[in-house]
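Peer 1: coords below, sequence missing:
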């Protein structure tokens, strides 16, 4: 891991900016690597603001349960970098990862390239060498000029829920721009599956953007939907209804993500998947840092046995709106305290204001081992301006101790960044 961290640090130094939206550098490097992306079979690309990881994980779990081998690329990672690369049934191990990163670094010869571009190229290189039935690729920022947008064919593009995020990379900062960036350059001659959206307005704008795309469109609400039941949910499409159990993921918003994955699987009928594969897969889906309960581990030593700790990497307005709905389902007799750490480029006020009247207190913290976070003092000022009681603490551990002392029955909700989640899970 030390050698891997060292090489990743070198990658960060290959470009003055962490993100510089363009395709020519990744195309140059892929060409030097003999264009591995052209050798990939059966690619599914996933774009959108939220839910991409949950959709990718659900797809992987379903296909593996049905006996298929899957490669998968996700970003960011939560606990360690290896999570981004999944090849034919397993996360990449340290030796293989180090060799792969070294090889790509050597071929790049110190030329200008961003971190995300070089690590995406590395995924394509290893995926081309790894026998798998499917390749699932999660898009990075926006997609139109993202390093993942280098394929010339795929079997499906999935559009997950879209909302406001990354305003600092937009000219106007509008939802129309985001939809254009994410949806205007999806591949033609394929299939596009559109997930449930937060509003009809967003769905209509997506439909308008993909109107001239020659791919077959499968749209939530029109071609498939879900209905919650007492013990789970029904997935409904033109061929009928599947009765399915509750998935191993918390939060009602996950039904939309999972239904989108199922709609994709049913549409791609070249792979043989049946209802029992789907049922088994739903019980196995794991999504770290997505409404994850911390029921054991070192951090429990700082709190009482009755304190429930829930962790989520949500960091934008769309995430905040679904998280508040989840908080509404929790025990009304228990107070909710939040531990919040966020990256500097987020819409902090917009995110925090969604939680007004839901929380007893927010504790603002710095995100350990990160550089571009908003300082806890500044975050604290924003929270106070919104009118939620708040304070700062010097660490995650001291925040937990403070809350447990205040209320040994409180629910502790840690959120604001996937990087914060990673630090919490590593501490635990």
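Peer 2: That came through, no problem. This structure is a prediction, so every number in the text was calculated from the model and none was measured.

Peer 1: from residue 319, how far off is the residue nearest to the spatial centre of the chain?
Peer 2: The chain has residue 53 as the residue nearest its centroid, 3.9 Å off, counting by CA atoms, centre = their mean. Here the criterion is CB to CB, to the nearest Å. By it, residue 53 lies 12 Å from residue 319. (C-beta placed from N, C-alpha, C; glycine too.)

Peer 1: if we can go back for a sec, so how far is the helix or strand containing the residue nearest to the centre of the chain from its chain's centroid?
Peer 2: Per DSSP states H and E, residue 53 falls inside helix 52-65. On the basis of CA atoms, centre = their mean, to the nearest Å, helix 52-65 sits 12 Å off its chain's mean C-alpha point.

Peer 1: what bits of the stretch 51-200 of the chain have low per-residue confidence?
Peer 2: Where the stretch 51-200 of the chain drops to pLDDT under 70, the residues are 164-171, 173.

Peer 1: show me where it has helices.
Peer 2: Residue ranges of the helices in the stretch 51-200 of the chain, as given by DSSP state H, counting those that start in this stretch, are 52-65, 94-108, 115-129, 175-183, 200-210.

Peer 1: figure out which of these is closest to residue 146.
Peer 2: Nearest to residue 146, of all the helices of the stretch 51-200 of the chain, is helix 115-129, at 7.9 Å by CB to CB.

Peer 1: need the contact partners of the closest one.
Peer 2: Helix 115-129 is contacted from outside by 8, 11-12, 14-15, 18-19, 25-26, 29-30, 33, 36-37, 39-40, 71, 73, 75, 84-85, 87, 92, 96, 100-101, 103-105, 108, 135, 137, 140-141, 146-148, 150, using CB atoms under 8 Å, 6 or more residues apart in numbering.

Peer 1: give me the ChimeraX select line for these, limited to the buried ones.
Peer 2: In ChimeraX syntax, the buried subset of these is picked out as below (16 or more other CB atoms under 10 Å):
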select :11,14,15,19,25,26,29,30,33,36,37,40,71,73,75,84,85,87,92,100,101,104,105,108,135,137,140,141,146,147,148,150
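
Peer 1: pretty sure residue 150 contacts residue 29?
Peer 2: No: taking contacts as CB atoms under 8 Å, residue 150 lies outside contact range of residue 29: 10.1 Å.

Peer 1: the residue nearest to the centre of the chain and residue 288 touch, don't they?
Peer 2: No: using CB under 8 Å, residue 53 is not in contact with residue 288, being 9.1 Å away.

Peer 1: on that earlier part again, spatially nearest residue to the residue nearest to the centre of the chain, not counting backbone neighbours?
Peer 2: Once flanking residues are discounted, residue 53 sits nearest to residue 74: 5.7 Å by CB to CB, 6 or more residues apart in numbering.

Peer 1: and the one you found, how many neighbours?
Peer 2: Neighbours of residue 74 under the rule other CB atoms under 10 Å: 20.

Peer 1: list the contacts of it.
Peer 2: Applying CB under 8 Å, 6+ apart, we find residue 74 in contact with 52, 53, 56, 83, 84, 86, 138.

Peer 1: how about residue 149?
Peer 2: Counting by CB under 8 Å, 6+ apart, residue 149 touches 23, 139, 143, 185.

Peer 1: run a quick neighbour tally on residue 401.
Peer 2: Residues within reach of residue 401, counting by other CB under 10 Å, total 15.

Peer 1: how near is it to residue 308?
Peer 2: 16 Å.

Peer 1: what's opposite the closest residue to residue 130 other than its chain neighbours in the beta bridge?
Peer 2: Spatial nearest neighbour of residue 130, excluding adjacent residues (CB to CB, 6+ apart): residue 87 at 4.4 Å. Beta-bridge pairing for residue 87 (DSSP bridges): residue 90.

Peer 1: surely residue 87 meets residue 60?
Peer 2: No: between residue 87 and residue 60 there is no contact under CB under 8 Å: 11.5 Å.

Peer 1: rewinding a little: need the contact partners of the helix holding residue 53.
Peer 2: Contacts of helix 52-65 (CB under 8 Å, 6+ apart): 44, 46, 70, 72, 74, 86, 89, 133-134, 136, 138-139, 158, 160, 195, 247, 249, 254, 257-258, 260-262, 264-265, 271, 273, 277-278, 280-282, 284-287, 290.

Peer 1: could you redo the last one with a cut-off of 6 Å?
Peer 2: If you take CB atoms under 6 Å, 6 or more residues apart in numbering as the criterion, helix 52-65 is touched by 46, 70, 72, 74, 134, 136, 138, 158, 160, 254, 257-258, 260-261, 265, 277-278, 280-281, 284-285, 287.

Peer 1: ok, stretch 222-242 next?
Peer 2: By CB under 6 Å, 6+ apart, the surrounding residues in contact with stretch 222-242 are 243, 244, 245, 246, 255, 259, 262, 263, 275.
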